[in-house]
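*Asks:* A structural model of the following input is requested.
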Amino acid sequence: MDLKEVRETARQKMKGCHVCPECNGKACIGMIPGFGGLRTARSFMRNMEALQEYGLVMRSMSGQDEPDTSCQILGRTLSMPVLIAPVGGIVLNAKVDGDPAEVEQEYDEAVTQGAMDAGTLCFTGDSGAPYMYASGIASCKKRPGIVIPTIKPRSNDKIIEKAHEAEAAGAFAVASDIDAATLINMRIFGQPVGPKSASDIAEIVRSIKLPFIVKGIMSPEEAVACADAGAKGIVVSNHGGRVLDGMAGTADVLPDIADAVKGRLTIFVDGGVRHGEDVLKMLALGADAVLLGRPAAVAAIGGGAEGVKLLLDTLNRELMDAMMITGTRDLSHVPANVVRKL
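*Replies:* Residues are numbered from 1 along each chain as shown. A predicted model of the protein is given here:
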């Protein structure tokens, strides 16, 4: 199996994604449900553009022939700073054929097993139908310490209830994608979700034992509020451009967020990461690790756990090459001058 074969298989199975040669949002404008961006898809496209506006600076005389891609995340050593992002509602979004609950479970099995085999972690998703969160919990029970179940911004008591399920299943941490407060898919299922305040986050943190990660932070002020509320991590994310049109890209806001909270909590980022070079750019801009969404979904649907591991291993090799040619010895400190604004 190679990535070309994985992508071709995914293309045959998916109707909610065209599996384009370049995943940039231009061919899937407005495809929601689906893997596209909302309305004009400018937020999706800006994620790509913002990251592409930075270039890596070569330092090929550095002699770094064996760079170390391992990293520390919330006390755990991972093989690479690349985790799988939460994706839920596979029949709804990917539009593949099959029983929705069975397809969801097959997907979560693929991404969690693939992540474990590659030496990293996997966020799992949530949506309106109960099986969507339950599927991730089932995979979590099989692979304790690997999965980070992610809960939609429901009422605090519902988030806490689901977080306790994650604790009982052996989750590594638990997250809430608060940027899903206006997600169309949740409205389709008639599920009440809404914005979360700093006091909401503090209440959730006090009520659970697992590290709590807040996904959907795009400003330094809210990053500071999460740190003050006791969150152990944030994901700089605009939900893949799926909740609001015309947004800034994640690489646009990441440096200011890192300046505000670096060292106080773990900074994850998603949006536009397609290759190992993109990973190194995000780390140089202030992230501790990146989340991989659409490419991981394509890999899982097209190649199962083997496809996910192949994708992750490929990114890790690309990251190693990028570190070698930029003189980056390890990831404990990636200097900002590794990248330059073009």
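
*Asks:* for the rest of this, base every contact and every neighbour count on C-alpha atoms.
*Replies:* Fine.

*Asks:* distance between the ends of stretch 26-38?
*Replies:* End-to-end span of stretch 26-38 (C-alpha to C-alpha, to the nearest Å): 11 Å.

*Asks:* average pLDDT for it?
*Replies:* For stretch 26-38, mean pLDDT is 94.

*Asks:* shift numbering so it begins at 48
*Replies:* Fine by me, first position is 48 from now on; the one you just mentioned is stretch 73-85.

*Asks:* now the strand or helix carrying M92, how far from the chain's geometric center?
*Replies:* For M92, the element it lies in under DSSP states H and E is helix 89-99. For helix 89-99, the gap between its own C-alpha mean and the chain's C-alpha mean amounts to 16 Å (C-alpha atoms, centre = their mean, to the nearest Å).

*Asks:* which elements pack onto it?
*Replies:* helix 297-308, helix 323-331 (3 or more C-alpha pairs under 8 Å, 6 or more residues apart in numbering; DSSP states H and E).

*Asks:* next up, identify which helix or strand R58 is on.
*Replies:* Applying DSSP H and E, one finds R58 within helix 50-60.

*Asks:* is the closest residue to R321 other than its chain neighbours in a helix, a strand, or coil?
*Replies:* Excluding the flanking residues, the one nearest R321 by C-alpha to C-alpha, 6 or more residues apart in numbering is P342, at 7.1 Å. Under DSSP: H, G, I helix; E, B strand; the rest coil, P342 falls in the helix class.

*Asks:* do a quick rundown of the strands in this protein.
*Replies:* 101-103, 118-120, 123-125, 129-131, 169-171, 194-198, 221-224, 259-264, 280-283, 313-316, 336-339, 386-388 (DSSP state E).

*Asks:* any idea which of these is most buried?
*Replies:* Most buried of those, by mean neighbour count (mean count of other C-alpha atoms under 10 Å): strand 194-198, with a mean of 30.

*Asks:* rewinding a little: would a markdown table of the strands of the chain with distance to D247 and mean pLDDT be doable?
*Replies:* Formatted as a markdown table, the strands of the chain follow (distance: least, C-alpha to C-alpha, whole Å; pLDDT from 0 to 100):
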| stretch | distance to D247 | mean pLDDT |
| --- | --- | --- |
| strand 101-103 | 36 | 98 |
| strand 118-120 | 24 | 97 |
| strand 123-125 | 27 | 98 |
| strand 129-131 | 26 | 98 |
| strand 169-171 | 22 | 98 |
| strand 194-198 | 14 | 97 |
| strand 221-224 | 11 | 97 |
| strand 259-264 | 11 | 98 |
| strand 280-283 | 15 | 98 |
| strand 313-316 | 20 | 98 |
| strand 336-339 | 24 | 98 |
| strand 386-388 | 37 | 97 |
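
*Asks:* cool, thanks, talk later.
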